[in-house]
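Asker: Turn this into a structure:
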Amino acid sequence: MLHGKQSIWVDYRFAAADSKVTFTVEKSYYDNLRLPAFFVEKMIQIVAARQPEHYDRSKPLPLPFSLRNGWTENRIVKGNN
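Answerer: Model prediction:
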């Protein structure tokens, strides 16, 4: 079903604190087909492991630019350090 270049719509929930960020998959769709969250998280884990930074999705990821916290406000992403 998923082969070649495909687009998947994913709704995440982010939590950023203490210079680390975590996220979970809330919903995901391929066209009109809803994909299980664990399936999409596994795909993200595989892609993250292949990055030069070798991200480990089982642990919180470091925030860039010395940011300590992050949040959204009026559809804008904000942060402080």
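Asker: middle-most residue in the chain, spatially?
Answerer: Taking CA atoms, centre = their mean, the centroid of the chain lies closest to Phe23, which sits 5.3 Å from it.
Asker: Would you check that that residue makes contact with Phe14?
Answerer: Yes. Assessed by CB atoms under 8 Å, Phe23 is found in contact with Phe14 at 4.8 Å. C-beta here means a position set from N, CA and C on the backbone, and glycine is covered the same way.
Asker: ok, Pro64 to Thr22 distance?
Answerer: 15 Å (CB to CB, to the nearest Å).
Asker: So those two - more neighbours on which side?
Answerer: Thr22 (13 against 9; other CB atoms under 10 Å).
Asker: got a list of contacts for the one helix or strand that one maps to?
Answerer: Here Thr22 sits within strand 20-30, counting by DSSP states H and E. Residues from elsewhere that reach strand 20-30 (CB atoms under 8 Å, 6 or more residues apart in numbering): 1-2, 6-16, 34-35, 37, 39-41, 44, 60-63, 70.
Asker: Taking these, please make a PyMOL selection of just the buried ones.
Answerer: Command for PyMOL that selects the buried part of the contacts of strand 20-30, burial taken from 16 or more other CB atoms under 10 Å:
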select buried, resi 10+16+35+40+41+44+60+61+63+70
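Asker: mind listing the strands for this protein?
Answerer: Along the chain, the segments classed as strands by DSSP state E run 9-17, 20-30, 33-34, 61-62, 69-73, 76-80.
Asker: Could you list every helix and strand in contact with the third one?
Answerer: Strand 33-34 makes packing contacts with no helix or strand when contacts are defined by 3 or more CB pairs under 8 Å, 6 or more residues apart in numbering; DSSP states H and E.
Asker: Tell me the strands beside that strand, with direction?
Answerer: Strand 33-34 pairs in its sheet with strand 20-30 (antiparallel), by DSSP bridges.
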